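Trainee: Have a look at this prediction, sequence included:
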Amino acid sequence: MGGYTTVCEILSQGQPSLIIPREQPRREQFIRAEFMHERHLSDIIPWRRVSQSLLKAKLGGIRDNLRPYHGAVREFCDMLLNDKDQ
């Protein structure tokens, strides 16, 4: 899922994640998940595309290439800390 609490917990842990956002009745979770994905803070599988093979592929891709996620999380945290000081 991609609710506010889930996304905040993901960011606070600083670990790669895979979000499968709900798209009905509203698209807010999907929009939030796309935002994070575009910034390499997480990966995403749209709810309508979830399958065992895609889930396995996405999780394997995250596991095999952690660097982009860790770098993006570090940059995001730095941005928050710098913004807080101003």
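Mentor: In hand now; what should we look at? Small disclaimer: the values here were computed from a predicted structure and weren't measured.
Trainee: Determine how far stretch 16-27 lies from the middle of the whole chain.
Mentor: 10 Å (Cα atoms, centre = their mean, to the nearest Å).
Trainee: Between the two ends of it, what distance do you get?
Mentor: 22 Å (Cα to Cα, to the nearest Å).
Trainee: neighbouring contacts of stretch 42-51?
Mentor: 10, 16-24, 30, 33-34, 36-37, 54-55, 58, 61-62, 69 (Cβ atoms under 8 Å, 6 or more residues apart in numbering). (Each C-beta comes from the backbone N, C-alpha and C, glycine too.)
Trainee: Mind giving me the PyMOL select for these, buried ones only?
Mentor: Command for PyMOL, covering only those of these found buried under the criterion 16 or more other Cβ atoms under 10 Å:
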select buried, resi 10+16+17+18+19+20+21+23+30+33+34+36+58+62+69
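Trainee: Sitting in helices, which of the contacts of stretch 42-51 do you find?
Mentor: Per DSSP state H, helices hold the following members of the contacts of stretch 42-51: 10, 30, 33-34, 36-37, 54-55, 58, 61-62, 69.
Trainee: What is the burial count for residue 14?
Mentor: By the criterion of other Cβ atoms under 10 Å, residue 14 has 13 neighbours.
Trainee: Helix or strand: which one has the closest residue in space to it that isn't next to it in sequence?
Mentor: Counting by Cβ to Cβ, 6 or more residues apart in numbering, residue 14 lies nearest to residue 73, which is 4.8 Å off, once chain neighbours are set aside. Assigned by DSSP states H and E, residue 73 belongs to helix 67-85.
Trainee: Off-centre distance for that helix?
Mentor: 14 Å.
Trainee: For that helix, report the contacting residues that lie outside it.
Mentor: 11, 14-16, 39-42, 62.
Trainee: now the ones in helices among the contacts of stretch 42-51 as TSV including pLDDT and distance to residue 81?
Mentor: Shown next, in TSV, are these (pLDDT from 0 to 100; distance: Cβ to Cβ, whole Å):
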residue	pLDDT	distance to residue 81
10	85	18
30	94	28
33	93	24
34	93	25
36	90	19
37	92	23
54	97	35
55	96	34
58	95	30
61	92	29
62	91	25
69	86	19
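Trainee: Spatially central residue in the protein, please.
Mentor: residue 42 (2.6 Å; Cα atoms, centre = their mean).
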